[in-house]
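Colleague: What follows is a protein structure lacking sequence information:
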């Protein structure tokens, strides 16, 4: 088991480094001269004075070769230093740690909501396969899956505008226990719920034809106990492996949800950075987002053998 | 089944699939909607009496009426005309992105699966990595960093050749959107094709073809790849829908197709700014996008059931 963990980890580290290298290279070669970008906005004619520019470049270490700069960027990252914003001059780490709690809480609540809603509904649909209830649940799931957050959010807002009294529209951030979080949370959870629901349903249908389920039923075990004790556990295994995919949907969705509902999270920070071509911020957020997804993929890889011992044997043999 | 099949023409894979698809009412509805939108995308601009760019400041922000069926926007442009041109943008991007991504994905996946070895491991490692980066962030980075170099290169070409096509900002947008979206979409196709190739490359008929002395290229293109067609078609139909949604998503964020070229995404983001006063500017593009994406999903599910009957149980 330990050997397996170490091996997975040894594959994982170069992958993360490659992502960092790719993103850094794009910003390095594509973004244009960072010194010019800073001083074009600053007062004075520094941007057009080659001697001064060179001096600043020398001082900031921006005339070193690409790989050296990349190395020092990584070194600074490990120390929690993400550099400074080109636009506001503030530390990128400070900007991110101000915005991250909003996105983090939203994402966490969305995962919990997804698990609470999708797994029971998916089991229900799977147990009653091809019934009218199954079609209704599945049809809703397909529809929710298809409609992107920046369409569902505004449409819901327009609908609510008709129902709610003037001026009570949920907009902005009021903390976790404020009413304002309900609508963004629901919209953010649409796609993950649809994903997990379909996954659960498919897994239930597969498990139901297993011998031990038929045996339990033949022995007269009550249907509810069969569902909870014999079916639920094997169903959870493939569902848990979708964690990485859920993280991707949530990271992607959060950008739109935050923009639509005016939440001051990482998504809005990304869009602002994009408008200002603030590369240190874009770079840092992309790295954090990729790291989150890759970390959850690693976690799934490590957890999988614990959930399904058969898989551990198969993987150990490889 | 109690119904006797009176159709006694020979039944091949495609005929069977078509018959199964026709029985799925949701998939047929999806097909009709998509067909309608394609039609509008092709002939739309000739259907509308209004041009999608012409502004008429006397009729700004008008609600839907007999002369402007879906109202007008803040510059007095006809919303319906812009929506119809938006369909053209959406399909151009969807088709361009999918063709590029399928080309990259199928070539890499087929070669990797067929020959195996270190190249296969490298390609699979690379697809894993690409798939584990949140697509939206990757496209944002690609777009933000390549926009300037590409515009500079186009400007240089323009000065060199004086060909006005290099000054077309829509073209730059399209190149960027096609490129960055194709770069994030190919891994799914590569994985799929590789798995299919792996499952048939040691079948007796492939060994027989090899024994006959056929070259690897002929074996790959005539004997191995046709087996991947079914799943590939399902993936492409889903991919077209995804690409369309992605295009509007990026335009919504301001990194895709930029105004004045209408795209459903940038129409939604414009509408979002004024929706409390003029909800029709938001509802019209949002509803169209919602209907089309749902249609693509129903068609994709239907095609999946029709082409992979084994999965249906």
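Modeller: Done, it's in. Since the model is a prediction, treat every value here as computed from it, not as a measurement.
Colleague: And for the residue in the stretch 51-200 of chain A that chain B sits nearest to, the neighbour number?
Modeller: Closest contact between the stretch 51-200 of chain A and chain B, by Cβ to the nearest Cβ, is at residue A:146 (4.2 Å). Yep, even glycine has a C-beta here, placed from its N, CA and C like the rest. Each residue near residue A:146 was counted by other Cβ atoms under 10 Å in any protein chain shown, and the total is 26.
Colleague: What is the neighbour count of the residue in the stretch 51-200 of chain B positioned nearest to chain A?
Modeller: As assessed by Cβ to the nearest Cβ, chain A sits closest to residue B:145 within the stretch 51-200 of chain B, at 2.8 Å. Look at residue B:145: counted by other Cβ under 10 Å, it has 23 neighbours.
Colleague: Where does residue B:251 fall, secondary structure wise?
Modeller: Residue B:251 is part of helix B:229-253, with elements assigned from DSSP states H and E.
Colleague: other SSEs contacting that helix?
Modeller: Judged by 3 or more Cβ pairs under 8 Å, 6 or more residues apart in numbering or on different chains; DSSP states H and E, the packing partners of helix B:229-253 are helix A:243-261, helix B:79-115, helix B:135-161, helix B:169-200, helix B:264-274, helix B:280-307.
Colleague: Take the ones you listed and write them to CSV, including mean pLDDT.
Modeller: Conversion of those to CSV gives the following (pLDDT from 0 to 100):
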stretch, mean pLDDT
helix A:243-261, 81
helix B:79-115, 86
helix B:135-161, 78
helix B:169-200, 82
helix B:264-274, 78
helix B:280-307, 81
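Colleague: looking at those helices, which is buried most?
Modeller: Among these, ranked by average contacts under mean count of other Cβ atoms under 10 Å in any protein chain shown, first place goes to helix A:243-261 (a mean of 24).
Colleague: Show me what that one is packed against.
Modeller: So helix A:243-261, by 3+ Cβ pairs under 8 Å, 6+ apart, packs with helix A:92-127, helix A:149-163, helix A:182-208, helix A:266-275, helix A:279-307, helix B:135-161, helix B:229-253.
Colleague: Specify the stretch among the ones you listed that is closest to residue B:47.
Modeller: Counting by Cβ to Cβ, residue B:47 lies closest to helix B:229-253 out of the helices and strands packed on helix A:243-261; the figure is 20.6 Å.
Colleague: so the closest one versus helix A:266-275, what angle?
Modeller: On the basis of axes from the mean of the first three to the mean of the last three Cα atoms, to 10 degrees, helix B:229-253 is oriented at 70 degrees to helix A:266-275.
Colleague: Of the helices and strands packed on helix B:229-253, which is nearest residue A:62?
Modeller: Per Cβ to Cβ, nearest to residue A:62 of the helices and strands packed on helix B:229-253: helix B:135-161, 16.3 Å.
Colleague: Apart from its chain neighbours, what residue comes closest to residue B:88?
Modeller: Once flanking residues are discounted, residue B:88 sits nearest to residue B:41: 4.4 Å by Cβ to Cβ, 6 or more residues apart in numbering or on different chains.
Colleague: How about residue A:8?
Modeller: residue A:301 (5.1 Å).
Colleague: and the one you found, how far is that from residue A:22?
Modeller: Using Cβ to Cβ, to the nearest Å, we find residue A:301 at a distance of 22 Å from residue A:22.
Colleague: and if you look at residue A:156?
Modeller: In terms of Cβ to Cβ, residue A:156 sits 37 Å off from residue A:22.
Colleague: Could you list the contact residues of the stretch 1-150 of chain B toward chain A?
Modeller: B:26, B:125, B:128-129, B:132-138, B:140-142, B:144-149 (Cβ under 8 Å from any Cβ of the partner chain).
Colleague: Stretch A:282-295 near chain B at all?
Modeller: Yes: among the residues of stretch A:282-295, A:282-283, A:285-286, A:289-290, A:293-294 lie within reach of chain B under Cβ under 8 Å from any Cβ.
Colleague: Residue A:123 - how many residues pack around it?
Modeller: Quick note: residue A:123 (other Cβ under 10 Å) scores 20 neighbours.
Colleague: wouldn't it be in contact with residue A:205 here?
Modeller: No: judged on Cβ atoms under 8 Å, residue A:123 makes no contact with residue A:205 at a distance of 10.4 Å.
Colleague: Let me see the contact set for residue 283.
Modeller: You didn't say which chain, so I picked chain A. The contact partners of residue A:283, by Cβ atoms under 8 Å, 6 or more residues apart in numbering or on different chains, come to A:23-24, A:27, B:141.
Colleague: You answered for a different chain; I wanted chain B.
Modeller: So residue B:283 contacts A:155, A:158, B:271 (Cβ under 8 Å, 6+ apart).
Colleague: again, only using 6 Å
Modeller: residue A:158 (Cβ atoms under 6 Å, 6 or more residues apart in numbering or on different chains).
Colleague: which residues touch stretch A:210-228?
Modeller: Against stretch A:210-228 from outside (Cβ under 6 Å, 6+ apart): residue A:230.
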